[in-house]
Structure formats: C-alpha cells, structure tokens
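Student: The sequence and its predicted three-dimensional model are supplied below.
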Amino acid sequence: MSKDSSNEDCFEASVAIFGEGAFPEWQTLVWPVLHLYALTSNLVWLAVLLIWENNWDDHDSALFEVLPFQLHYMRFYTIVSAVCIVYLLAIFFWVLLNTYFAGTPLKDLEAQRGCACNSHKVGIMMCIFAPLAWFVVYQFMWGSEFGLLSRSNQTILPLIQPIFCVMSVPASYFAFHWVLQTKQSKVKTSLKVTFILLAFVCIFSFPWWYDSAHIIDGELPPRPQIIGHRGTPTERPENTLESFQNAMDLSVSIVESDLVISRDGIPFVMHDPLLDRTTNVGHVFPERRRDPVGTFSIEEITQLDAGGWFGEDWEGEKVPLLADAVKLIQGQDFKFFADVRPGPDDFPFRGQEEEIVLKLFEEYDFSDQVIWIVSDKSQVPELRRRFPKMLLASEEATLEEVESGFFDFLNHEWTLSNDEIRSFSPYNATIVYTVNTNWLFDQMWCLGANFVTTNHARRYLSAESPTWWMQRSNYYLMSAILESVCIAGIVLNFVLVGHTATRTTEFEMTTKEYQDMDVQSGHTRRGTQH
C-alpha cells in the first residue's frame, strides 16, 4: 500500500467516526488521539479512585459539607468513570467490528452514522474533562492524599517486578535486533544501547533498593489491635451507643469517638460540623438544616434521630451525650479514644471544649479508661498531674518523647513512613488511622503497627494473616535466582543476535565483493573488445 493510499484511508476512517469537516486532512489523527487519551486517562483515574477507596467515607463527608444534598459521591463518580470507559471502548469496537470483521467500507459507515459524529465529539470531550475536573477538586481538597498512590505501589510493584524480569528475556532479543541489525550512526546506536541498559538496570535492581512494607526482617509482627472508628460504622449508625456496644461485643479493645459541645455547654458525641448527614435535623428543624452543630442546645440535640439515615431498623436511635457513653463503657475492659472537635468561631465556649470534656471525665472518675489526643504539648505536665492514669497521644509525638514517657502513643495518619512505624513498634505506641482497605491493613500489619483505627472492625479482627508477605532473606534469594536465570537468557540472546548480525555483515561484504568483481570484470571485457 502506498503512503498516499494509507493517508487517505486514515482520513476516511476519521471522517466515518467523527464527521466531515472536523479537521483538515493533515490533522486526521487529532480525534483518534483524543479518543485514546480519554480512554487512557479514565482508566488511570478509575484505578486511582479504587486505590482511594480507603478514604471514600471521609471524602463523602467533606463533600456533603459543601454540596447541598447527601450522596455516596465517591461511588457515584467511580460508576461515572466506568461508564465513560465502556462508552469509549464501544466506539473503538464499533469501528473495529464494522471495518475489519464485517467488511463494511468506511464510506458506507459514513453514510450510516447520521448525526452521531457530533455526539461522539461531545462525548469524548466530556470524558476528557471529567477526570481533569476531579483531579483539580482532589488536589484542592485532599492533595496530601496522593501519597496513597505511592503507598499502594509497595503492594503492587514487588509482585509485578518478577513478571517484568521474565518478559525482559524475549524483549531483549528484539531490543538487540533493533540495535545490532539496523544500519545507523554510532550516536543513534549509543543512545539505543544506553536506553536498553537503563531499562534492564531499573528492572533488575528493584528488589535491592525498594523498601516494600510486605518484605519483613525476621518474623511476622502480631496483628494490630483494632480501634473502632466511631464504633462500628459499617454495621451500626456511627457514633451511637448501639455502635459502641457492638464494638464491645466484637471484643474491640478501643473505640474512637468524636466529641462536640452544645450551645449550652454539654458534651455529646458527633463527628461532622453539621448535623444533616447523620440525623433528621432537616425534618425537625428544617430552617436550621445547615447550621453548625454548636448552635443547637442539648434539648434540641436530644430530639434528633441519629439512626434512621442508616436504616429502618435503627430509627429512634438518639444522639448520645458523652455522659451516656461513659456510663456504657465504664468498668469494661475497654478504652475510650476521645477526639474533641472545636466549635464555630462565634461559639460561646470557644477554646473551652477540652476542659469541659475533661471535667466530665473527672466527675465520673473515668480518666483511667481514656486515651486523650493532646492538641498542645504544653498541656502535658498539667494533664499528667490531674490524670496520672490517662493515656496521652499526639500526632507530633517523637520517638524520644515516647521512650521517656512524655507521650504514650503516636497517633498518626497512614502517611507515616515505613521506618517511622517500625521504630515506634517496640514501644507498643503506634496508632495508625484510618485504615479501611485490605491492602493498607496488610501493610500496617507487616510494618508492626500496634493499633489500627478502622471502620471495619469485624473484618480485621478475623484476619489470620496478611494477603502476602515474605521474609527479606527469602525475597533476596528468590530474586537472585530468578534474575540470574533471566540475565543468562538475555546474554544468550545477545550472543545469538550478535552472531546473526556478524554473519549477515560478512554475507553482505562477500556479496559486495562479488558485485565489485563482476563490475570490474565487465569493465575489463569492454576494454578488451575496444
């Protein structure tokens, strides 16, 4: 097929899908390239969303504070991404089936398409815009959580690296053929060789420098103890007495709870700055549906239903006062992890929230069952004096402060480095939050995290082992054996391709010599005839 004929077919294919006049002939690949970009970006974004499943609930809550209606936003957008991918694949297979398998000429497809071309162009642009828009939203609201992608690599990359090692053997044959059997300048040859060597170095050096959480020095650490995040929010309405009781029934050792102060100074259990997501405030006080939680009195709070949103079986469940939660837990072999939320700026008890909660613990002699999140290190000496049995945790705790007993726990998000988690582990002092996916829980287990805060207490209490883990010595041994075999295969390919290239060069030189001899003898015969 000639070059002109190929360009003409490409132009006809583009016209058949996207319509005549979409672009001049020299831009025939614009829309196919945009189609490929849209498909790739949506596939990548869907993978990112699935990795971010760990934080879906927190993202839903944050979006609900901004948007006026309640929805599982993250699940909704995951479905939207999947629909975009199916749509883009449908366009591709429609063209493929009609042109290559059904044998329909491209001109006939153009006549059949009607006005679909413009719809496809709009659809593809929407598929391009959607992941870009969500990327901007995520970068603005949760930019720090892109680190979850890096942490997920610790689970995935050690599993696929051996596959790349094996694939490098047949790939090396074609790579060496590309370099050795192609006539080109020395500069191009050097660049190609450098590229191939760098690729092999990256693949084969990976096990020796990459720190995966699943690769362990010594024996597998004990499974992390489970902290019920707001109780058991996947089985009961979050932050309710039913949720706390269910956590105790499951033998969870600690329950984490969020505490806020009412307008009249009474502490109660609630996470969000608004009541709308987890109560029926929109029905009881419709005109105050989006008012901050600190603007309600305790009498108004007790009128709300905190269970109906979760399911009909839980209708009538009330927003618990802190005193009710203390009475439920007191005397049990159970710890209460208190996270006090600040009130709004014009809140009458602004800055007094923690002291109000501490006084209630003091009143009920409950401090020996409390893990307290310290907001300011300067408070620690006074807290130790007033509540000598209360355990103190901080997101800023250092190893030296834990060793000295200044703090009892480092309470930190999963963004902690592997070395930080390992270094705190011997002191039984690491609390990692919030862990809601299996692969992230497996990593925390392998790293030796002592406590894990999660929405899925039942799931992880029944876990017997991480999905996969390996001792570092065994990992190095297996990598060395596999890589030695693969390197031997690559060297063999180099020898074979080099030998073939040498023979080809010799044959070409011999052929050229014979051709030169024939030319010379021809000249000699013509000279003799003259």
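Tutor: That came through, no problem. These numbers were taken from a predicted model, which means no experiment stands behind them.
Student: Packing partners of the top strand by length along the chain?
Tutor: Determined from DSSP state E, the single longest strand within the chain is strand 254-261. Contacts defined by 3 or more CB pairs under 8 Å, 6 or more residues apart in numbering; DSSP states H and E place strand 254-261 against strand 225-229, helix 241-249, strand 267-269, helix 322-329, strand 335-340, helix 353-363. Every residue, glycine included, has its C-beta placed from N, CA and C.
Student: looking at the ones you listed, which is buried most?
Tutor: Stretch with highest mean neighbour count among the helices and strands packed on strand 254-261: strand 225-229 (a mean of 26; mean count of other CB atoms under 10 Å).
Student: out of the helices and strands packed on strand 254-261, nearest to residue 395?
Tutor: With CB to CB, the closest approach to residue 395 among the helices and strands packed on strand 254-261 belongs to strand 335-340: 11.1 Å.
Student: ok, and what's touching that closest one?
Tutor: For strand 335-340, the external contacting residues (CB atoms under 8 Å, 6 or more residues apart in numbering) are 227, 253-260, 325-326, 329, 353-354, 357, 366, 369-373, 375, 391, 393, 453.
Student: need the helices for the stretch 101-250 of the chain, in chain order.
Tutor: 106-112, 116-142, 147-180, 186-209, 241-249 (DSSP state H, counting those that start in this stretch).
Student: Which of the ones you listed has the lowest mean pLDDT?
Tutor: Mean pLDDT is lowest for helix 106-112 among the helices of the stretch 101-250 of the chain, at a mean of 48.
Student: What does the closest residue to residue 425 other than its chain neighbours show for phi and psi?
Tutor: Spatial nearest neighbour of residue 425, excluding adjacent residues (CB to CB, 6 or more residues apart in numbering): residue 448 at 3.5 Å. Dihedral pair for residue 448: phi 90, psi 20, per degrees, to the nearest 10.
Student: so residue 207 makes contact with residue 159?
Tutor: No - the criterion here is CB atoms under 8 Å, and residue 207 misses it with residue 159 at 11.7 Å.
Student: Neighbour count: these two, which is higher?
Tutor: The neighbour comparison of residue 207 against residue 159 (other CB atoms under 10 Å) goes to residue 207, with 22 against 11.
Student: Burial check on residue 265, number of neighbours?
Tutor: 13.
Student: Assign a three-state SS to residue 452, would you?
Tutor: strand (DSSP: H, G, I helix; E, B strand; the rest coil).
Student: ok, and what's touching stretch 78-90?
Tutor: By CB under 8 Å, 6+ apart, the residues outside stretch 78-90 that reach it are 35, 38-39, 42-43, 45-46, 49-50, 123-124, 126-127, 130-131.
Student: Now, of the contacts of strand 335-340, which are buried?
Tutor: The neighbour-count test (16 or more other CB atoms under 10 Å) marks 227, 254-260, 325-326, 329, 353-354, 357, 366, 369-373, 391, 393, 453 as buried among the contacts of strand 335-340.
Student: And residue 59, how close does it get to residue 65?
Tutor: For residue 59, the distance to residue 65 equals 11 Å [CB to CB, to the nearest Å].
Student: Looking at the two, which one has more neighbours?
Tutor: Neighbour count, other CB under 10 Å: between residue 59 and residue 65, residue 59 has more, with 19 against 12.
Student: Perfect, I'm done here.
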